[in-house]
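> next one to model:
(one chain, ligands or ions: 1)
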Amino acid sequence: MIVDLRSDTVTRPTPGMRSAMANAEVGDDVFGEDPTVNALEARVATLLGKEEGLFVPTGTMANQIAIRCQTEPGDEILLEADAHPFHYEAGAAAVISGVTIRLLQGVRGVLDPELVRQAVRPPNVHHAPARLFCVENTANRGGGTVISADHVARLCSVAREAGLSCHLDGARLWNAAAATKTALLPHAAPFDTVSVCFSKGLGAPVGSMLVGPRPLMTRARRFRKMLGGGMRQVGILAAACDYALDHNLPLLVEDHRRARTLWQALGDQGWAVEQAPESNMVYFRAPDAPALAARLESRGVRCLALGWDRIRLVTHLDVTDAGVDHALGVFATAREST
Ligand SMILES: Cc1ncc(COP(=O)(O)O)c(C=O)c1O
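Sure, this is the predicted structure:
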């Protein structure tokens, strides 16, 4: 048995999802004629309380279009120090938008509003003007941390007072809503733009969405084209995302339960687990993490070494209770031999 705990992006589409894809009604989406894409864009925009949605292939493209739409070259954007666009988007913000990135240190991916207030410098000829403030929820490198809707509202209100636009990287916003048993709406409300992914916990093979006010989304559509993200009969993929919303969204709580089980048992086995998981991620510290990951993989458990001393485990649709039990057996054996 192989249990792949590296990421929630490793899921494979189920027969039901594949069938929805095969039967999707399609048209040329660059002409705005794909009914399945149009319906998904409207559905997600409504779910997140925004005027319009734009279907894009990846979360990276969604974030980068959001940054490009709301800045001009030479502007500054404010991100938490562990944010995805800084760590994992290949330096795209510098190339595509020509912006400088100002990193603010949070705790487990969560910023203090006062820090944001102090970070925005008054207009001065020496400064790159700060234009956009981004939040990531859940905060991936922060440990899958869930940021409450109230805290997010406080952060955005400080940013807005300073004249900044606000973007939410909600690749796993579904998990934040599931964990807090709340609707998506209050989590999205304080932001101008929100990106969400269907290819993580929701189990679709491809697909993300950027939502926001109509004039911004018109601009976003142009930048999507510029980046080569205008796709044609892409309803085949949108159908998978639509299926994921109907069938897989309610299952996220199971991923969260399994993450908690893993965390508890790993702690009991003596692994240096970080804080209790708030969503579907478990992090622990281990010396020479890459070597440990290689040893675990040789015994059928795949996990991600982040740097030299940190391991990440992520639960998802393809990890069952039996998979968790199996993984824990392998961890127990590995622990005895360390
Ligand atoms: C928080 C966050 N934002 C954005 C992305 C980018 O998504 P994609 O891999 O679809 O480009 C990821 C990917 O894991 C992510 O974790």
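> pLDDT score assigned to the nearest residue in space to Gly53 that is not next to it in sequence?
Take Gly53 and drop its neighbours on the chain: the residue closest to it by Cβ to Cβ, 6 or more residues apart in numbering is Glu41, 3.5 Å away. For the C-beta atoms, the positions are set from N, CA and C on the backbone; glycine is no exception. You'll see Glu41 listed with a pLDDT of 98.
> could you check how many residues crowd around Glu41?
22 (other Cβ atoms under 10 Å).
> so who does it touch?
Glu52, Gly53, Leu54, Phe55, Met209 (Cβ atoms under 8 Å, 6 or more residues apart in numbering).
> same question for Thr71.
The neighbourhood of Thr71, defined by Cβ under 8 Å, 6+ apart, consists of Ile77, Ser97, Val99, Arg131, Leu132.
> for Leu78, same thing?
Contacts of Leu78 by Cβ under 8 Å, 6+ apart are Arg102, Leu104, Val116, Ala119, Val120, Ala130, Leu132, Phe133, Cys134, Ala159, Leu164.
> pull up the pairing partners for the host helix or strand of it, direction included.
Element membership of Leu78 [criterion: DSSP states H and E] is strand 76-80. Its sheet considered, strand 76-80 pairs with strand 100-104 (parallel), strand 130-136 (parallel) by DSSP bridges.
> and the pLDDT at the residue nearest the centre of the chain?
Residue closest to the average C-alpha location in the chain (Cα atoms, centre = their mean): Ala171, at 2.3 Å. Ala171 is assigned a pLDDT of 98 by the prediction.
> may I have the phi/psi pair for it?
phi -50, psi -40 (degrees, to the nearest 10).
> which residues touch the residue of the chain found nearest the ligand?
When scored by Cβ to the nearest ligand atom, the chain has Gly59 as its residue closest to the ligand, at 2.6 Å. Neighbour list for Gly59: His84, Asp169, Ala171, Ser195, Cys197, Ser199, Lys200, Ser208 [criterion: Cβ under 8 Å, 6+ apart].
> could you pick out which of these are near the ligand?
For the ligand, the contacts drawn from these by Cβ under 6 Å from any ligand atom are His84, Asp169, Ala171, Cys197, Ser199, Ser208.
> tally of neighbours for the first one?
Right, the one you point to is His84. 20.
> tell me where this structure has strands.
According to DSSP state E, the chain carries its strands in the segments 3-4, 52-56, 76-80, 100-104, 130-136, 165-170, 193-197, 208-212, 272-273, 281-285, 301-302, 304-306, 310-314.
> among these, which comes closest to Met231?
For Met231, the closest of the strands of the chain is strand 52-56, at 7.9 Å, according to Cβ to Cβ.
> next, the buried residues of that closest one.
Glu52, Gly53, Leu54, Phe55, Val56 (16 or more other Cβ atoms under 10 Å).
> would you list those in a markdown table and tack on pLDDT and distance to the ligand?
Formatted as a markdown table, the buried residues of strand 52-56 follow (pLDDT from 0 to 100; distance: Cβ to the nearest ligand atom, whole Å):
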| residue | pLDDT | distance to the ligand |
| --- | --- | --- |
| Glu52 | 98 | 20 |
| Gly53 | 98 | 16 |
| Leu54 | 98 | 14 |
| Phe55 | 98 | 13 |
| Val56 | 98 | 9 |
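> related to what we said a few turns ago, then the strand holding Leu78 to PDB, C-alphas only?
Only the C-alpha atoms of strand 76-80 are listed here, as PDB (Å, rounded to 0.1, in the frame of the first residue of the first chain):
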ATOM      1  CA  GLU A  76       4.800  47.400  -3.700                       C
ATOM      2  CA  ILE A  77       2.600  44.500  -2.500                       C
ATOM      3  CA  LEU A  78       2.400  43.400   1.100                       C
ATOM      4  CA  LEU A  79       2.500  39.600   1.900                       C
ATOM      5  CA  GLU A  80       2.900  37.500   5.000                       C
END
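> count of neighbours near the nearest residue to Asp321 once chain neighbours are set aside?
Excluding its sequence neighbours, the residue lying closest to Asp321 (Cβ to Cβ, 6+ apart) is Arg258, at 6.9 Å. Using other Cβ under 10 Å, Arg258 has 23 neighbouring residues.
> again, but for Gln118
Gln118 has 11 nearby residues by other Cβ under 10 Å.
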